[in-house]
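Asker: Okay, predicted coordinates and the sequence, questions at the end:
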Amino acid sequence: MAVDIPFGLVARGPSGAAPARRPGSIRRTSTIDMRWPGGPGTQLRLTGRARDLLTPHDGSDPVVVAEDTMTVGVNSATRTIEDIAVDPPRPAATGMIGARGGGSSRTVLAETLPDEAEAGTPLYLMLDDIAGASLVAGFAYSRWMPREQMLAAVGNGPRRSMEGICTGFQPGSGALMPDGSSKWNHRVQTVGPLPREDDPLGWHELDEITEISMRRARRIDVTIGDVIEIDSMFQDSSTVPEGGRVAVHEYLVRATADSVTGELLSIAADPRVLPYEECPLASLSVDRIVGTQLRELRAVVLDVFLGTAGCTHLNDAMRAMAEVPLLVDVLRARGNGSSAT
């Protein structure tokens, strides 16, 4: 039985460069670039950068208030973390070596670096994202090599059944093959640079990459008025042989929260680029977490949007808002925005 898709529910196309920064705002940006220096099928190298940039309300120069980088080696076959280095150094980060990307890496992260979670650091966002980055990295193969060569690079064993793991792969989805594995006809779209031409400071430094690679990018803008306003973007994109990039996932998520309690008041997900026709269905149910405390989102989202109730990538976009209260604290400490009462 085919999945019923409401009329007009489609991925609307790439959102383009970042919006202009608002006075009295803070912007968190992060990227994880995924490459295989030894060639496809060898160790996956993740290079992560993340930064918090405050734009003062008085029009003075923006201020970098936090910045972290990481390099991580991941076994391409097992997604096991083989080495890790972060800057500024946190010796405890080596405790993640041996963890497998996914639920395992997030459990180990919570156990080994609880202070990073409590402080809501840019590093914590990237370390949490190892799970998703190691999962989507192999999509880049499909842009650079024939299917037979790609299968050889990832292993020619039985393909994994995807049925039931998310909204896009619910039973009856047109994204599924008869054996439950996913189809190869991803609906990719060409995307341009992340920064605005008139605002090169709006993103942290980005590498210009021309070889086979994947990039996961996040942007979270936060301002405070009568309510906390959140405007965020998430994108997974691959380089392509002819140059430039194509995206396979992109969402915009906008939300408001109570400026005193941090309770989520509203949320809307705008699907921009998604691989299958059924994927945008996940955006219809995000208001189920209205009333949740922002700080609780990393756990609550995973409980509420299990399996076909959610989208793995949209879930992570909502979970990333859990650190917004820490960004709000920075704004208030520097005299930008109203104070809690």
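Answerer: Looks like it arrived, so ask away. Numbering: from 1, shown residues only.

Asker: all strands for the stretch 51-200 of the chain, in order.
Answerer: All strands of the stretch 51-200 of the chain, identified by DSSP state E, counting those that start in this stretch, fall at 63-74, 81-87, 189-191.

Asker: Please name whichever of the ones you listed is nearest to residue 160.
Answerer: Each of these was scored for nearness to residue 160 using CB to CB, and the closest is strand 63-74 (17.9 Å). Backbone N, C-alpha and C define where each C-beta goes, glycine included.

Asker: who's in contact with residue 201?
Answerer: Under the criterion of CB atoms under 8 Å, 6 or more residues apart in numbering, the contact partners of residue 201 comprise 53, 62.

Asker: Please repeat the previous calculation with a cut-off of 7 Å.
Answerer: Residue 201 is in contact with residue 62, counting by CB atoms under 7 Å, 6 or more residues apart in numbering.

Asker: Could you check how far it is from residue 290?
Answerer: Distance check for residue 201 against residue 290: by CB to CB, to the nearest Å, it reads 34 Å.

Asker: Please apply the same query to residue 324.
Answerer: If you measure residue 324 against residue 290 using CB to CB, the figure is 15 Å.

Asker: Next: residue 251.
Answerer: For residue 251, the distance to residue 290 - CB to CB - is 18 Å.

Asker: The two: who's more crowded?
Answerer: Using other CB atoms under 10 Å as the criterion, residue 251 and residue 290 rank with residue 251 on top: 28 against 14.

Asker: The more buried one against residue 317, yeah?
Answerer: Yes. Here residue 251 lies in contact with residue 317, judged by CB atoms under 7 Å, at a distance of 5.2 Å.

Asker: what's the overlap in contacts for those two?
Answerer: When contacts are counted by CB under 7 Å, 6+ apart, residue 251 and residue 317 have residue 234 as shared neighbours.

Asker: Just the pLDDT for the nearest residue to residue 275 once chain neighbours are set aside.
Answerer: Across the structure, with CB to CB, 6 or more residues apart in numbering as the measure, the residue nearest residue 275 apart from its sequence neighbours is residue 186 (4.1 Å). As summarised for this prediction, residue 186 has a pLDDT of 91.

Asker: Quick check: buried residues in stretch 168-175?
Answerer: Across stretch 168-175, burial judged by 16 or more other CB atoms under 10 Å covers 168-170, 173, 175.

Asker: In JSON lines, list those residues along with distance to residue 74.
Answerer: As requested, the buried residues of stretch 168-175 are exported to JSON lines (distance: CB to CB, whole Å):
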{"residue": "168", "distance to residue 74": "24"}
{"residue": "169", "distance to residue 74": "24"}
{"residue": "170", "distance to residue 74": "29"}
{"residue": "173", "distance to residue 74": "29"}
{"residue": "175", "distance to residue 74": "26"}
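
Asker: now for these, which pair is the farthest apart?
Answerer: For these, the farthest-apart pair by CB to CB is 170 and 175; their separation is 9.1 Å.

Asker: got any residues that touch both of the two?
Answerer: Listed contacts common to residue 170 and residue 175 are residue 278; contacts here mean CB under 7 Å, 6+ apart.
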